[in-house]
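*Asks:* Quick one, fold the following:
(2 chains)
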There are 2 protein chains.
Amino acid sequence: MAQASIGDSEFDRDTALTARAPGVYDAELSAGWTIIQAVNGGYLLALLGRALGDALPHPDPFTISAHYLTPSVPGKAVVRTETVRTGRTLSTGQASLYQYAEDGTEVERIRVLASYGDLDALPDDVRTTAKPPAMPPYEHCLGADAGPAVIPGSSAITERLDIRLDPATVGWAIGAPSGKGEMRGWFGLADGRDADPLSLLLTVDALPPTSFELGLKGWTPTVELTTHIRCRPAPGPLRVSITTRNLAGGFLEEDAEVWDSADRLVAQSRQLARAPRL
Amino acid sequence: MAQASIGDSEFDRDTALTARAPGVYDAELSAGWTIIQAVNGGYLLALLGRALGDALPHPDPFTISAHYLTPSVPGKAVVRTETVRTGRTLSTGQASLYQYAEDGTEVERIRVLASYGDLDALPDDVRTTAKPPAMPPYEHCLGADAGPAVIPGSSAITERLDIRLDPATVGWAIGAPSGKGEMRGWFGLADGRDADPLSLLLTVDALPPTSFELGLKGWTPTVELTTHIRCRPAPGPLRVSITTRNLAGGFLEEDAEVWDSADRLVAQSRQLARAPRL
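*Replies:* Residues are numbered from 1 along each chain as shown, chains lettered A, B, ... in the order given. Alright, predicted model coming up:
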């Protein structure tokens, strides 16, 4: 199979939008990006990010804050955007994803506030002190096809992603979680499409939750997820590390870093999520 | 001077709101919270946070994402809130701060999206693995009155705050920045008011920028600031640590942690800011 390209891939087709009016877009949420029954929050964020990139005068999400309101389901959706402010180097916009109740009324699923710019216009000074995550090479990491189901097998999204987890963070899959709030792995799209700023919005929320390695089973629904896209990613596989340091009071944070093949820290995200009940 | 109390302090008076209509509040931005001429972004966030705490059915900001649009100035302002969703344990709201152009039209300064809950209703399980920042005791840290101006002397906000910086992170004040993206210190309000969830929104944006210790002079305007309030702070001084690990492409992130006197990690924030020109 030929490698899919940016603009012509599963991810691009499933985040495609049809303009209904200026700033208003019809979409079809694909069942291909579900985990159990839930539509993945990063996929939804990418779809909203695409709408704002079209509606605003600047193309790339520099920082995008999403508050998740109600669970999305595969099927029809509409994205409504608002241009909040346009400036020379940055523009700020807002967008909401809605689906439809049985009586046809709109139900809001997610609302985002975002500041957009042009990544290609940034100076190329890099004074990053963070280091890429230490993990084994791709071929020594574990995919969904490796022995135990490291990602629950009933999830359609596993067929769209090429995730290989660091063996040090997959103890949960065989009932032996490390007790550390860490999850690491290699990330790619299964059809070989390279990463771009929109697909990075999917990447930051695509690994299993750190709570699995903390010995917690069950769902960790996202309350809020803010992502900074700092650089257009170089072609090739990405490395993702997720860390939780503050599991308390029934909530936890997840900090994600995404590194590209040129060792640039291309995305940083943090989410607040509900912890599974102890 | 008697210690000010929560509800009766400089901070409370200067973030006071007058309801004009349901969800709409008049405010007066105080000149007492300015850095050079700019009104501090954390003070503004606290004011927006107070408005949402009044407008929403839940009292406390669990996560609040602010995008800064135009610089605020001391004087009249209005906050307009919108209730986005109300749930049993969480509510989501939006708020904007406006000031007035010469012709009386409203100019939007900041827009926030936030999810509120009730901190006092959370379970008291704490499995935090993060550690409080290592720094000298309060009496060995440096305040605004210590020799060189560790905080620019023309800033009114220095009189409202009791910040004592770790000597290891004040090299910039004598022309010898450490080169590390770190800033640490003790934080209190000058009139002795104890911290609460609203004042924590000020605390996360009150220390000098990490860029000073990276050898960069000048302003680091906030593009976006997201704060998680995780616990009602215990009475007594707070410790704040701020870290920058990704200064690149003309932008940087600042991660703040706030620890209370009971060693709880009560707030975590991350902002994206423009770096001063090199």
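*Asks:* if you look at stretch A:78-92, does any of it touch chain B?
*Replies:* Yes - applying CB under 8 Å from any CB of the partner chain, one finds that stretch A:78-92 is in contact with chain B at A:84, A:85, A:90, A:92. All C-beta spots, glycine's among them, are computed from the backbone N, C-alpha and C.
*Asks:* For those, work out which two are farthest apart.
*Replies:* A:84 and A:90 (10.9 Å; CB to CB).
*Asks:* Now do the contacts for residue A:124.
*Replies:* Shown in contact with residue A:124 (CB atoms under 8 Å, 6 or more residues apart in numbering or on different chains): residue B:249.
*Asks:* run the last query once more with 6 Å
*Replies:* Residue A:124 makes no contacts at all, as judged by CB atoms under 6 Å, 6 or more residues apart in numbering or on different chains.
*Asks:* and of the residues of stretch A:78-92 next to chain B, the nearest to residue B:213?
*Replies:* Looking across the residues of stretch A:78-92 next to chain B and measuring by CB to CB, the closest to residue B:213 is residue A:90, at 25.5 Å.
*Asks:* and the stretch 151-278 of chain A, which residues reach chain B?
*Replies:* Contacts of the stretch 151-278 of chain A with chain B, taken as CB under 6 Å from any CB of the partner chain, map to A:223-224, A:226, A:228, A:245-250, A:265, A:270, A:272.
*Asks:* Kindly present the residues you listed as JSON lines, with separate columns for distance to residue B:233.
*Replies:* Converted to JSON lines, these look like this (distance: CB to CB, whole Å):
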{"residue": "A:223", "distance to residue B:233": "21"}
{"residue": "A:224", "distance to residue B:233": "21"}
{"residue": "A:226", "distance to residue B:233": "23"}
{"residue": "A:228", "distance to residue B:233": "27"}
{"residue": "A:245", "distance to residue B:233": "18"}
{"residue": "A:246", "distance to residue B:233": "14"}
{"residue": "A:247", "distance to residue B:233": "19"}
{"residue": "A:248", "distance to residue B:233": "13"}
{"residue": "A:249", "distance to residue B:233": "13"}
{"residue": "A:250", "distance to residue B:233": "18"}
{"residue": "A:265", "distance to residue B:233": "31"}
{"residue": "A:270", "distance to residue B:233": "20"}
{"residue": "A:272", "distance to residue B:233": "18"}
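*Asks:* Show me the two of those residues that sit farthest apart.
*Replies:* A:250 and A:265 (30.6 Å).
*Asks:* neighbour count winner among those two?
*Replies:* residue A:265 (22 against 17; other CB atoms under 10 Å in any protein chain shown).
*Asks:* Go ahead and confirm the more buried one touches residue A:128.
*Replies:* Yes - in this structure, residue A:265 is within contact of residue A:128 by CB atoms under 6 Å, at 5.3 Å.
*Asks:* between the two, what contacts are shared?
*Replies:* Listed contacts common to residue A:265 and residue A:128 are residue B:246; contacts here mean CB under 6 Å, 6+ apart.
*Asks:* SS state for residue A:46?
*Replies:* Recorded secondary structure, residue A:46: helix (DSSP: H, G, I helix; E, B strand; the rest coil).
*Asks:* same thing with the one 4 residues further on?
*Replies:* For residue A:50, the secondary-structure state derived from three-state DSSP is helix.
*Asks:* And for it, the neighbour number?
*Replies:* The local packing of residue A:50 (other CB under 10 Å) involves 22 other residues.
*Asks:* Verify the contact between it and residue A:14 for me.
*Replies:* No - taking contacts as CB under 6 Å, residue A:50 lies outside contact range of residue A:14: 10.7 Å.
*Asks:* Now that we have the residues of stretch A:78-92 next to chain B, which of them are buried?
*Replies:* A:84, A:85, A:90, A:92 (16 or more other CB atoms under 10 Å in any protein chain shown).
*Asks:* In contact with the second one, which residues?
*Replies:* The contact partners of residue A:85, taken as CB under 6 Å, 6+ apart, are A:92, B:69.
*Asks:* So what pairs up with it in the strands?
*Replies:* Beta-bridge partners recorded for residue A:85 (DSSP bridges): residue A:92.
*Asks:* Residue A:170 versus the spatially most central residue of chain A, what's the distance?
*Replies:* Centroid check for chain A by CA atoms, centre = their mean gives residue A:202 as the closest residue, at 2.5 Å. Going from residue A:202 to residue A:170 by CB to CB, to the nearest Å gives 21 Å.
*Asks:* Can you tell me what sits against stretch A:212-230?
*Replies:* The contact list for stretch A:212-230 (CB under 6 Å, 6+ apart) reads A:41, A:61, A:63-68, A:169, A:172, A:177-178, A:180-181, A:197, A:200-201, A:204, A:209, A:211, A:266-274, A:276, B:63, B:65, B:115, B:226, B:272.
*Asks:* now the residues of stretch A:78-92 next to chain B in a markdown table, with pLDDT?
*Replies:* Shown next, in a markdown table, are the residues of stretch A:78-92 next to chain B (pLDDT from 0 to 100):
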| residue | pLDDT |
| --- | --- |
| A:84 | 98 |
| A:85 | 98 |
| A:90 | 98 |
| A:92 | 98 |
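*Asks:* quick one, helices of the stretch 151-278 of chain A?
*Replies:* A:197-203, A:210-213 (DSSP state H, counting those that start in this stretch).
*Asks:* how about these, which one is nearest residue A:135?
*Replies:* Shortest separation from residue A:135 across the helices of the stretch 151-278 of chain A is recorded for helix A:210-213, at 13.9 Å, computed as CB to CB.
*Asks:* Now that closest one - C-alpha only, PDB.
*Replies:* Taking C-alpha atoms only, helix A:210-213 is exported to PDB below (Å, rounded to 0.1, in the frame of the first residue of the first chain):
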ATOM      1  CA  THR A 210      -1.300   7.200  32.600                       C
ATOM      2  CA  SER A 211      -3.900   6.000  35.200                       C
ATOM      3  CA  PHE A 212      -3.600   2.500  33.800                       C
ATOM      4  CA  GLU A 213       0.000   2.400  35.000                       C
END
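*Asks:* Now do it, average pLDDT.
*Replies:* Average pLDDT, helix A:210-213: 95.
*Asks:* ends of stretch A:156-175, how far apart?
*Replies:* 23 Å (CA to CA, to the nearest Å).
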